[in-house]
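Asker: For reference, the sequence and a predicted model appear below.
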Amino acid sequence: MILTGQEIKAQMGTNISIEPFDEGKLNPNSYNLSLHDEILVYEEIVLDMRRPNRYKRYKIPPEGMVLSPNQLYLGRTVERTETHNLVPMLEGRSSVGRLGLFVHITAGFGDVGFCGYWTLEMFAVQPIRIYPGVEICQIFYHTLHGDVTEYSSGKYQRNRDIQPSMLYRDFEPQNDPQMRLSFDENNDA
């Protein structure tokens, strides 16, 4: 089940933390989160899953910044959230989507126990001007059934900034069974 806006408010300080919290951003069954004033853009022409990819940081000026089509932009929320005993979910706001800006392409499903800022994977269908502080997405919460094991990954938990992909860590020998087998075979001499 999804929590109502009033239940989100009631669970603030226990299972839910949103900092800063503004009651005016509370919806019937979600809470609007705002876009921070910086974005990252990968500099690589071909992104590689097995290694960190170079990126450049840009500041979004008060007069806005135009996003180009066919380019991935990584942003983050102004708000830091922490969730216990619930599953946080993130979706772009429909008003933003109707302008052709996809805000959270594939990773809107959060983990119980997540604590930090949400990195936003933004993709524009056509050129669009964005502004710092715009309410760009909404967080909502699902209840859980069963024993709870909280998220504790070292990749993204307790982040303080925009998080580019750290998928390359999954390919490290201690995390990838195939690489571990290959690593062990090559070092058995």
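Answerer: Arrived safely, thanks for sending. Residues are numbered from 1 along each chain as shown.

Asker: can you give me the helices for the protein?
Answerer: If you assign secondary structure with DSSP state H, the helices in the chain sit at 5-10, 94-97, 177-186.

Asker: looking at those, which one has the lowest mean pLDDT?
Answerer: Mean pLDDT per stretch puts helix 177-186 lowest among the helices of the chain, at a mean of 43.

Asker: Without its sequence neighbours, what residue ends up closest to Y58?
Answerer: I39 (5.3 Å; C-beta to C-beta, 6 or more residues apart in numbering). Every C-beta, even on glycine, is put in place using the N, C-alpha and C of the backbone.

Asker: packing partners for the longest strand seen in the chain?
Answerer: When the chain is parsed with DSSP state E, its longest strand is strand 72-83. The helices and strands touching strand 72-83, judged by 3 or more C-beta pairs under 8 Å, 6 or more residues apart in numbering; DSSP states H and E, are strand 16-19, strand 31-34, strand 38-42, strand 115-124, strand 135-143.

Asker: Can you give me the buried ones in it?
Answerer: Judged by neighbour count (16 or more other C-beta atoms under 10 Å), strand 72-83 contains these buried residues: Y73, L74, G75, R76, T77, V78, E79, R80, T81, T83.

Asker: what do you get for stretch 116-131?
Answerer: Taking 16+ other C-beta under 10 Å as the basis for neighbour counts, the residues of stretch 116-131 that come out buried are G116, Y117, W118, T119, L120, E121, M122, F123, A124, I128, I130.
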